[in-house]
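Chemist: Compute the structure for the input listed below.
(one chain, ligands or ions: 1)
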Amino acid sequence: MSRALRVGGMVPLTTLDYPGMLACVLFCQGCAWRCRYCHNPGLIPPRASTEVDWRRVLLFLQRRRDLLDAVVFSGGEPTLQEGLPAAMDEVRAMGFHIGLHSAGIKPGGFAHALRHADWVGFDVKALAEDCQSITQVRGSGAANWRSLDALLASGVEYECRTTVHWHLIDPSRLLLLAQRLQALGVQRFAVQMVRTASMLDTQLPSAPLQAALPELWGRLRELFPAFVLRG
Ligand code: SF4
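Modeler: Numbering: from 1, shown residues only. The predicted structure follows:
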């Protein structure tokens, strides 16, 4: 049973979180990393007062069966919850496509969840050697990139995405990151400029360091069959 899935909030309808699909997003509660730019720090603790009972989530989805194509399990970090694969199967049985947003924090849990997903939005934090300066957790780079390997080996549809705050990653490191992704065979890559309205680390500046970088974006477009710049 998947009743233990802790959902900290939901967006009933979005066209942005699963390409080509009308989707509902479930924000799973809890995360083991502490990304300095995390824009939803309320999802980091394992429990929260905003949690929506799983049975209520299922009732909501029952009523939306003919209106939605997909359900995206996002976070927080959904793959930390043991109940995730069963919850994904329960939702799939209702006729929905299954999306997963993850940074692959625990490679074992991520690999397990991967088998239950139709599409993954995979959060590549930074080059493995740079990850800790963002996540504030030792070993996060190795975990992030091991999960990326599992994703690419799985054949599951995906998009790799990296959130950019120019105080945490500079353009030369972003280019090197993109080149490493390309060398691994990544086909779809998105750069998402950070949302500064709410960040875990309130000392991080909200103003960008860099102005427009057309040359960098041009080089990234050359590296991937599909490249997107957001924000
Ligand atoms: S941005 Fe980082 S800290 Fe926030 S939920 Fe995602 S992985 Fe966790």
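
Chemist: so Leu176 sits right up against Leu127, yeah?
Modeler: Yes - using CB atoms under 8 Å, Leu176 makes contact with Leu127 at a distance of 6.3 Å. C-beta here means a position set from N, CA and C on the backbone, and glycine is covered the same way.

Chemist: Look at these two and report which has more neighbours.
Modeler: Neighbours around Leu176 and Leu127, counted as other CB atoms under 10 Å, are more numerous at Leu127. The numbers are 18 against 15.

Chemist: you'd agree the more buried one is up against Gly141?
Modeler: Yes - counting by CB under 8 Å, Leu127 does reach Gly141; the two are 7.3 Å apart.

Chemist: can you pull up the bridge partners for Cys24?
Modeler: Counting by DSSP bridges, Cys24 forms beta bridges with Val71.

Chemist: so how far is Cys31 from it?
Modeler: 20 Å (CB to CB, to the nearest Å).

Chemist: And for Val11?
Modeler: 18 Å.

Chemist: Looking at those two, which is more packed in?
Modeler: Neighbour comparison, Val11 and Cys31: the larger count goes to Cys31, with 22 against 14 (by other CB under 10 Å).

Chemist: Quick one: name the residues of the protein near the ligand.
Modeler: For the chain, the contact set with the ligand under CB under 6 Å from any ligand atom comprises Cys31, Trp33, Arg34, Cys35, Cys38, Leu43, Ile44, Gly75, Gly76, Glu77, Ala103.

Chemist: Please check the residues you listed and keep the buried ones.
Modeler: Cys31, Trp33, Cys35, Cys38, Leu43, Ile44, Gly75, Gly76, Glu77, Ala103 (16 or more other CB atoms under 10 Å).

Chemist: Phi first, then psi, for the fifth one.
Modeler: Spelled out, it's Leu43. phi -90, psi 0 (degrees, to the nearest 10).

Chemist: ok, now which ones touch the nearest residue to it once chain neighbours are set aside?
Modeler: Leaving aside its sequence neighbours, Leu43 sits nearest to Gly76 (CB to CB, 6 or more residues apart in numbering; 4.0 Å). The neighbourhood of Gly76, defined by CB atoms under 8 Å, 6 or more residues apart in numbering, consists of Gly8, Phe27, Cys28, Gln29, Gly30, Cys31, Asn40, Leu43, Ile44.

Chemist: And for Pro46?
Modeler: Contacts of Pro46 (CB under 8 Å, 6+ apart): Arg6, Gln29, Gly30.

Chemist: Correct me if wrong: the second one contacts Val52.
Modeler: No - if you go by CB under 8 Å, Gln29 and Val52 don't touch, sitting 9.5 Å apart.
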